[in-house]
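1. my questions concern the predicted model and sequence given below.
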Amino acid sequence: MANAQESELHYAFGDTLPETGHTLPAAPGVRWLRMRLPFALDHINLWLLRDHEDMAEGRREGWAIVDCGIDNDETRAAWEQVFANELQGLPVLRVICTHMHPDHIGLAHWLTERWNCRLWISATDWNAARVASTAIGDAHSGHSAADFYARHGLDDPTALARVRARSNYYATMVKKVPEQFRRLMDGMRLRIGEHEWRCIAGYGHAPEHIALHCEALNTLISGDMVLPRISTNISVYDIEPEANPLPLYLESIAAMRALPQDSLVLPSHGKPFTGLHRRIDQLTGHHEERFAEVLHACAGAPHSAAELMPVMFKRELDMHQTTFALGEAVAHVHALHSAGQLTQVSGADGILRFSAV
């Protein structure tokens, strides 16, 4: 987002960031850590929550982990540093995942096996992750994805070849998903240590994303639903080619206006901030601007989603970003088509294009 919009938010800890393998206090009983990602979006924020469990022999003290990082050697090594430096000799009692994307659930199996504890996640995202990580061949990548992108106008042979070569891309980052889990649902209240956290389900970005809000701490662990600097990716994928996720996302973040404006927001990417309602306004406005750009372009001539990418994304994109951008372009045209503002045009070349009504 533009610097002018960033200045409307307050970054609670300024430019201070936790060093790899170490944490910073974010709220009472909440520690902030940060792991590297091998993408343009080069980090993920993870959270340690002071926790305990009651057992027959008495209370057992420990920690809850919120989100895991991607499954690679670098992230495992960073976690080992955290275990050595930050746990105060206490065990991990549970692992909570906000959703099924690789940077959030990638190491859940390793963490739960290492600490002999349970994964907590929505049933929808657990099932989606299990299917994606165990599927063979085209799941979430490969020929199915390439055909989907080509149908929406991506005609760069090199790009399509690279997509086809990424067979079962998800499973390369999520090699295994825990075979058992505890189900999180909207409205569920979790006692984590001394505080109660309420689950808030959100849709559009993931099948059933769970954010966590603690009223006593006035703190929201927002996952990917509300990010301070970038807009959350809302995409249509080949496995659900007629999906319409963007209205679901906008409805989900609008519901978060019920939380206090001065809530401390702990996002998965970017820095902790306050100004939740203003950020929701900004994100809503961002998509309204993209809708307007798409409608303007499609009023002049029918456009495919691929032809709309440079209209919506005015910067150079790498391959990873291109697939996200195309999925998001499809999400915008599907939302406008569902609302009756665009009509679908299928040309002789087999490419789907959309024209303003």
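-> Here it is on my side, so go on.
2. what residues does stretch 242-250 touch?
-> For stretch 242-250, contacts defined as C-beta atoms under 8 Å, 6 or more residues apart in numbering pick out 202-205, 225, 232, 234-237, 284, 287, 331-332, 334-335, 338. In this view, the C-beta of every residue, glycine as well, is placed from N, C-alpha and C.
3. from those residues, which land in helices?
-> Of those, the ones assigned to helices by DSSP state H are 284, 287, 331-332, 334-335, 338.
4. wait, is His22 part of a strand?
-> No - counting by DSSP: H, G, I helix; E, B strand; the rest coil, His22 is not part of a strand but coil.
5. for the residue nearest to it when sequence neighbours are not counted, give me its contacts.
-> Spatial nearest neighbour of His22, chain neighbours left out: Asn85 (5.7 Å); criterion: C-beta to C-beta, 6 or more residues apart in numbering. Counting by C-beta under 8 Å, 6+ apart, Asn85 makes contact with 21-23.
6. follow-up on the earlier one: please list only the buried members of the contacts of stretch 242-250.
-> Applying 16 or more other C-beta atoms under 10 Å to the contacts of stretch 242-250, the neighbour count classes 202-205, 225, 232, 234-237, 287, 331-332, 334-335 as buried.
7. so what sits opposite His195 in the bridge?
-> The partner list for His195 in beta bridges (DSSP bridges) reads Ile192.
8. now it: how far from Asp51?
-> 10 Å (C-beta to C-beta, to the nearest Å).
9. more crowded one of the two?
-> Asp51 (24 against 19; other C-beta atoms under 10 Å).
10. what comes up buried for the top strand by length along the chain?
-> Ranked by residue count under DSSP state E, the longest strand found in the chain is strand 43-55. For strand 43-55, burial by neighbour count (16+ other C-beta under 10 Å) applies to 43-52.
11. quick check: which ranges of the stretch 1-150 of the chain have low pLDDT?
-> The model of the stretch 1-150 of the chain has pLDDT under 70 over residues 1-3, 136-141.
12. I'd say Ala335 and Val294 touch.
-> No - checked against C-beta atoms under 8 Å, the pair Ala335 and Val294 is beyond contact range at 9.2 Å.
13. can you give me the helices in the stretch 251-357 of the chain?
-> 276-300, 305-312, 319-338 (DSSP state H, counting those that start in this stretch).
14. okay, buried residues for the shortest one please.
-> Buried residues in helix 305-312, defined by neighbour count with 16+ other C-beta under 10 Å: 305-309, 311-312.
15. dihedrals phi and psi, Trp197?
-> Trp197 has phi and psi values of phi -120, psi 130 when expressed as degrees, to the nearest 10.
16. same question for the one 3 residues further on.
-> Geometry field for Ile200 lists phi and psi as phi -120, psi 110, criterion degrees, to the nearest 10.
17. contacts only, for the closest residue to it other than its chain neighbours.
-> Of all residues not flanking Ile200 in the chain, Ala211 sits nearest, at 4.4 Å (C-beta to C-beta, 6+ apart). Shown in contact with Ala211 (C-beta under 8 Å, 6+ apart): 98, 199-200, 202, 220-223, 225-226, 256.
18. what do you get for Pro38?
-> Applying C-beta under 8 Å, 6+ apart, the residues near Pro38 are 70, 72.
19. any idea how far apart the tips of stretch 116-135 sit?
-> 26 Å (C-alpha to C-alpha, to the nearest Å).
20. got the buried residues for that stretch?
-> Of the residues in stretch 116-135, those buried (16+ other C-beta under 10 Å) are 117, 119-122, 124-130, 132-133.
21. leaving out chain neighbours, which residue sits closest to Asp42?
-> Arg36 (6.2 Å).
22. may I ask you to confirm that the one you found is in contact with Thr20?
-> Yes - between Arg36 and Thr20 there is a contact at 7.2 Å, judged by C-beta under 8 Å.
23. ok so, going back, lowest-confidence entry in the buried ones among the contacts of stretch 242-250?
-> Ranked by pLDDT, the buried ones among the contacts of stretch 242-250 bottom out at Tyr237, which has 94.
24. I'd say that residue and Phe148 touch.
-> Yes - with contact defined as C-beta under 8 Å, Tyr237 reaches Phe148; the gap is 7.4 Å.
25. quick one: contacts for the closest residue to Phe354 other than its chain neighbours?
-> Using C-beta to C-beta, 6+ apart and skipping the chain neighbours, the partner closest in space to Phe354 is Leu342 (4.3 Å). Residues near Leu342 by C-beta under 8 Å, 6+ apart: 294-295, 298, 333, 336, 354-357.
26. what's the distance between Leu342 and Phe148?
-> For Leu342, the distance to Phe148 - C-beta to C-beta - is 19 Å.
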